[in-house]
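S.K.: coords below, sequence missing:
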């Protein structure tokens, strides 16, 4: 009895795993070109709902930024 239940459970988990979609399919990557007066804070405030600090952190992480200094014309990938 337990063996049958275990087999059904494994098959169900496998079926769910095969049917699940990746969350990466949200659409094309968005880029942003930095303007002269832009800061990470201002870009995050315009681009993300919720806590702006989290948006700044995501921008820094996604673009591998070592500091908060931006250059006009720099292209940022919006996560």
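M.R.: All right, it came through fine. This one's a predicted model, so the numbers in the text were calculated from it and none came from an experiment.
S.K.: the nearest residue to residue 58 once chain neighbours are set aside and residue 37, how far apart?
M.R.: Closest residue to residue 58 apart from its sequence neighbours, by Cβ to Cβ, 6 or more residues apart in numbering: residue 79 at 4.8 Å. C-beta here means a position set from N, CA and C on the backbone, and glycine is covered the same way. With distances taken as Cβ to Cβ, to the nearest Å, residue 79 is found 22 Å from residue 37.
S.K.: higher neighbour count, the two?
M.R.: Counted by other Cβ atoms under 10 Å, residue 79 and residue 37 do not tie: residue 79 has more neighbours, with 14 against 7.
S.K.: correct me if wrong: that one contacts residue 59.
M.R.: Yes: using Cβ atoms under 8 Å, residue 79 makes contact with residue 59 at a distance of 7.1 Å.
S.K.: list phi and psi for residue 30.
M.R.: Backbone geometry at residue 30, expressed as degrees, to the nearest 10, gives phi -100, psi 140.
S.K.: which residues touch the nearest residue to it once chain neighbours are set aside?
M.R.: For residue 30, ignoring the flanking residues on the chain, the nearest one in space by Cβ to Cβ, 6+ apart is residue 78 at 4.3 Å. Applying Cβ atoms under 8 Å, 6 or more residues apart in numbering, we find residue 78 in contact with 29-32, 47, 59, 62.
S.K.: can you say which of those are buried?
M.R.: Among the contacts of residue 78, those classed as buried by 16 or more other Cβ atoms under 10 Å are 32, 47, 59.
S.K.: report the contact partners of the residue nearest to residue 58.
M.R.: Contacts of residue 79 by Cβ under 8 Å, 6+ apart are 58-59, 61-62.
S.K.: mind checking how far it is from residue 69?
M.R.: 19 Å.
S.K.: now residue 39
M.R.: Going from residue 39 to residue 69 by Cβ to Cβ gives 9 Å.
S.K.: repeat for residue 16
M.R.: In terms of Cβ to Cβ, residue 16 sits 46 Å off from residue 69.
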